[in-house]
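Undergrad: attaching a predicted model along with its sequence, questions to come.
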Amino acid sequence: MAIFGALKPKPMKKIAVFTSGGDSPGMNACIRAAVRTGIYKGLDVFGIYRGYEGMIEGDIKRLHSHSVSNIIQRGGTVLKSARSMEFKTPEGRKKAFENLSAHGIEGLVAIGGDGTFTGAKVFYEEFGIPTVGCPGTIDNDIYGTDYTIGFDTAVNTALEAIDKIRDTAAAHDRIFFIEVMGRDAGFIAVESGIGGGAEFVMVPETQTDLDAVVKSLKKLRKTKTSSIIVVAEGDDLGSADVIMKLVKEKIQDPSKEFKVTTLGHIQRGGNPTARDRVLGSRCGMAAVEGLLSGKTNCMAGIMNEQVVYTPFADCIGLPKPLNPDHLALIDILSI
Ligand SMILES: Nc1ncnc2c1ncn2[C@@H]1O[C@H](COP(=O)(O)OP(=O)(O)O)[C@@H](O)[C@H]1O
Ligand SMILES: O=P(O)(O)OC[C@H]1O[C@](O)(COP(=O)(O)O)[C@@H](O)[C@@H]1O
């Protein structure tokens, strides 16, 4: 007799976890949580080293509870990360599938950003290995989670640098352009700008009005002797250096000194903050629980303090806009 009804998820015995794309502080907490949740639920858990590159090369090892001891406080990723061109080809993905099959791996936890989820989606659609993602990027530009793992640490790193630059900017009456990371998104710039008391924040999401900036800077000079301008690396006008030169040219005031500091990869490293450790741990656990309950092709994120599973298609395809209240705050508080 045929029995109809909802299909029960096939019981899983072996899963693997990997980190891919840009690394971010808190990824280790996420790995640790995925590994230990898997073991707690009776699974064999494997680690894939160097993301999709390691999947293609078969760089896959069994992980135990002690394999993830003493990593929660560390930046970077113990599984290493890589950007893999070969995974973008059907041949590369076939090799990856063969390696996973050889280990009997039936489910994946993919920790990374939108590129990682794009790869995971294509791979799932081709080979059907259930995959749940965790949002690991400092940029916070992923739909389906209030914050991404690593964002809070990156903002705090940028903030610490801005505080230090502010001391010397004030001492010498200088105008500083500080470039923070954010190829396509201005979240780090906005939050570090608010926290650092920046006069202006320039982000890829909005068109930067150079004339308005110059006008305001000239006006501000009557009340302030130094200024901090935070520029996201992907601003439409270019890098902090390019923007500084454009502003300098327009201000035409030889008494004013302009300086540029590019913070760069220090924002990607360092010990994760408490927030990133908790977020990483929650997402890692939710990813494994999601896999075991039959979820796939989606990301485990946290929205309003609750675990939420969002299809990869939405995480990749839907925009995550900046909070307009944050932008207004910068304008008002910089007078
Ligand atoms: N369209 C795609 N098809 C297959 N794999 C992809 C695709 N886009 C990205 N990937 C894989 O995901 C990896 C990580 O993506 P990347 O954009 O570098 O980082 P992030 O995940 O941090 O956004 C890439 O190196 C590539 O191997
Ligand atoms: O030096 P890399 O690895 O290209 O990383 C730089 C990039 O990392 C980021 O912080 C995050 O990028 P991902 O989306 O790939 O995680 C970008 O803002 C920045 O341009």
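TA: Received, thanks. Ligands and ions are numbered 1, 2, ... in the order given.

Undergrad: which residues in the stretch 201-335 of the chain form helices?
TA: Per DSSP state H, counting those that start in this stretch, the stretch 201-335 of the chain carries helices over the ranges 210-220, 240-251, 274-292, 312-317, 324-333.

Undergrad: out of these, which is closest to ligand 1?
TA: helix 312-317 (9.1 Å; C-beta to the nearest ligand atom). (Each C-beta comes from the backbone N, C-alpha and C, glycine too.)

Undergrad: re earlier: need the winner for burial among the helices of the stretch 201-335 of the chain.
TA: Compared across the helices of the stretch 201-335 of the chain, helix 274-292 shows the largest average neighbour count, a mean of 24 (mean count of other C-beta atoms under 10 Å).

Undergrad: how about the residues of the chain that lie near ligand 1?
TA: For the chain, the residues in contact with ligand 1 (C-beta under 6 Å from any ligand atom) are 20-22, 52, 83-84, 87-88, 112-116, 118-119, 122, 137.

Undergrad: so His64 touches Leu43, yeah?
TA: No: using C-beta atoms under 8 Å as the test, His64 is too far from Leu43 to be in contact (11.9 Å).

Undergrad: quick check: end-to-end length of stretch 258-271?
TA: 32 Å (C-alpha to C-alpha, to the nearest Å).

Undergrad: buried set for it?
TA: Going by neighbour count (16 or more other C-beta atoms under 10 Å), the buried part of stretch 258-271 is 258, 260-263, 267-270.

Undergrad: then stretch 122-129?
TA: 123-124, 129.

Undergrad: next: stretch 199-213.
TA: Quick answer for stretch 199-213 (16+ other C-beta under 10 Å): 199-205, 208, 213.

Undergrad: if I look at Leu237, how far off is Arg277?
TA: 36 Å (C-beta to C-beta, to the nearest Å).

Undergrad: would a markdown table of the helices of the stretch 201-335 of the chain with mean pLDDT and distance to His172 be doable?
TA: What follows is these, written out as a markdown table (pLDDT from 0 to 100; distance: least, C-beta to C-beta, whole Å):
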| stretch | mean pLDDT | distance to His172 |
| --- | --- | --- |
| helix 210-220 | 88 | 16 |
| helix 240-251 | 95 | 15 |
| helix 274-292 | 98 | 34 |
| helix 312-317 | 98 | 45 |
| helix 324-333 | 92 | 23 |
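
Undergrad: how about the strands in this protein?
TA: For the chain, strands defined by DSSP state E occupy the ranges 14-19, 44-48, 60-63, 107-112, 131-135, 174-180, 200-202, 227-232, 257-262, 298-303, 306-311.

Undergrad: contacting residues for the residue of the stretch 1-150 of the chain found nearest ligand 2?
TA: Going by C-beta to the nearest ligand atom, ligand 2 is nearest to Gly22 of the stretch 1-150 of the chain, at 2.6 Å. Contact analysis of Gly22 by C-beta atoms under 8 Å, 6 or more residues apart in numbering lists 81, 112-113, 136-139, 268.

Undergrad: can you rerun that using 7 Å?
TA: Gly22 makes contact with 113, 137-138, 268, according to C-beta atoms under 7 Å, 6 or more residues apart in numbering.

Undergrad: for the residue nearest to Asp152 when sequence neighbours are not counted, give its distance to ligand 2.
TA: Among residues not flanking Asp152 along the chain, Arg275 sits closest, at 4.2 Å (C-beta to C-beta, 6 or more residues apart in numbering). Separation of Arg275 from ligand 2 (C-beta to the nearest ligand atom, to the nearest Å) stands at 18 Å.

Undergrad: does Arg275 really touch Phe151, like I thought?
TA: No: Arg275 is not in contact with Phe151 according to C-beta atoms under 7 Å; the separation is 8.6 Å.

Undergrad: for the buried residues of stretch 199-213, which one is nearest ligand 2?
TA: Taking C-beta to the nearest ligand atom as the measure, ligand 2 lies nearest Pro204 of these, at 9.8 Å.

Undergrad: can you tell me what sits against stretch 182-196?
TA: 138-141, 151, 154-155, 158-159, 162-163, 166, 180-181, 201, 203-205, 228, 230-234, 267, 322, 326-327, 329-330.

Undergrad: could you do stretch 47-56 as well?
TA: Against stretch 47-56 from outside (C-beta under 7 Å, 6+ apart): 16-20, 59-61, 63, 79-82, 84, 86-87, 92, 95-96, 99-100, 119.

Undergrad: gap between it and the chain center?
TA: Averaging C-alpha coordinates over stretch 47-56 and over its chain gives two centres that are 19 Å apart (C-alpha atoms, centre = their mean, to the nearest Å).
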